[in-house]
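>>> this one's sequence-less:
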């Protein structure tokens with residue numbers, strides 16, 4: 001993912017360096033060797049970290065303040081970075097709100113849970129409208145969206161986990177005439193995906209420099225908050 005800030009890299013190192021628990025039974029089963037005060041972004045935190053068996057544990061409330069989501073489902077603790085403003089710089093908008101980066105006008109029109117069907121797991125279908133805002137014919141995936149480092153379309157769920165597309169309607173690689181628009185349907189899925197774990201954000205990653213036209217903003221990426229509507 002491009003344009004990660006230093007604070008985002010720090011949050012990744014936190015995830016890799018610490019075993020994170022809510023101080024439940026598994027932590028209390030062993031004796032606490034020491035406790036440490038916690039300072040979050042320069043401010044003292046009300047809780048403390050503890051060292052047990054040579055490992056340092058911090059409460060999940062600390063990670064929440066750093067923009068790292070957590071959720072317990074089916075006996076599993078999921079922890080993940082939710083794509084906040086300090087992770088990838090981007091234009092910000094809501095469901096049904098048009099975002100404009102000088103090259104494309106984009107609107108997330110709808111998000112719907114899709115039951116399992118033959119050959120497919122349960123998932124989420126997201127309809128996104130794209131309009132070519134350049135003065136020249138343009139191709140979305142060939143000329144504009146990020147083409148390296150993974151899928152440029154990322155869906156973030158309530159539990160902080162991320163999904164990339166399992167399917168897409170045609171049209172993303174076709175040519176858009178100037179001012180023309182079309183709606184693409186994206187399908188995101190994984191085994192055992194539940195309806196009570198809905199998408200909360202969608203991120204579109206654009207190239208630093210488009211092959212056609214130009215951006216009129218410093219950060220052309222787009223982040224849509226799917227919990228709000230305009």
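Yep, it's here. Here the structure is a predicted model, which is why all the values come from computation and not from measurement.
>>> any idea how far residue 156 lies from residue 201?
Residue 156 sits 4 Å away from residue 201 when distances are taken as CB to CB, to the nearest Å. Where C-beta positions appear, they are placed from N, C-alpha and C, glycine not excepted.
>>> The two: which is more packed in?
Legend: neighbour count by other CB atoms under 10 Å for residue 156 and residue 201, higher for residue 156 (24 against 19).
>>> Return the backbone torsion pair for that one.
Taking degrees, to the nearest 10, you get phi -110, psi 130 for the backbone angles of residue 156.
>>> so what's the residue nearest to residue 174 when sequence neighbours are not counted scoring on pLDDT?
Nearest non-adjacent residue to residue 174, counting by CB to CB, 6 or more residues apart in numbering: residue 139, 6.9 Å away. For residue 139, the pLDDT comes out at 93.
>>> For residue 139, give the beta-bridge partners.
residue 175 (DSSP bridges).
>>> That one: neighbouring residues, count only.
Residue 139 has 16 neighbouring residues, counting by other CB under 10 Å.
>>> for it, what are its contacts?
By CB atoms under 8 Å, 6 or more residues apart in numbering, the contact set of residue 139 is 173-176, 212.
>>> Against residue 51, how distant is the residue in the chain sticking out farthest from the centre?
In the chain, residue 31 marks the outermost C-alpha relative to the chain mean, sitting 37.4 Å out by CA atoms, centre = their mean. Per CB to CB, residue 31 is found 10 Å from residue 51.
>>> Over to residue 113?
Distance of residue 113 to residue 51, given as CB to CB: 43 Å.
>>> swap in residue 167?
Distance of residue 167 to residue 51, given as CB to CB: 47 Å.
>>> What of residue 152?
Distance of residue 152 to residue 51, given as CB to CB: 41 Å.
>>> When those two are compared, which one has more neighbours?
residue 152 (22 against 13).
>>> That one and residue 146 touch, don't they?
Yes: counting by CB atoms under 8 Å, residue 152 touches residue 146, with 4.1 Å between them.
>>> okay, and the common contacts of the two?
205-206.
>>> The chain: helices as residue ranges?
Remark: helices assigned in the chain by DSSP state H are 6-17, 25-28, 60-65.
>>> Extract the residue ranges of this structure that are flagged as low pLDDT.
Scanning the chain for pLDDT under 70 picks out 1-30, 41-42, 64-69, 73-74, 80-88, 169-172.
>>> ok, back up a step: looking at the contacts of residue 139, state which has the most neighbours.
When the contacts of residue 139 are compared by neighbour count (other CB under 10 Å), residue 176 ends up highest, at 24 neighbours.
>>> so residue 120 touches residue 191, yeah?
No: applying CB under 8 Å, one finds residue 120 not in contact with residue 191, separated by 10.8 Å.
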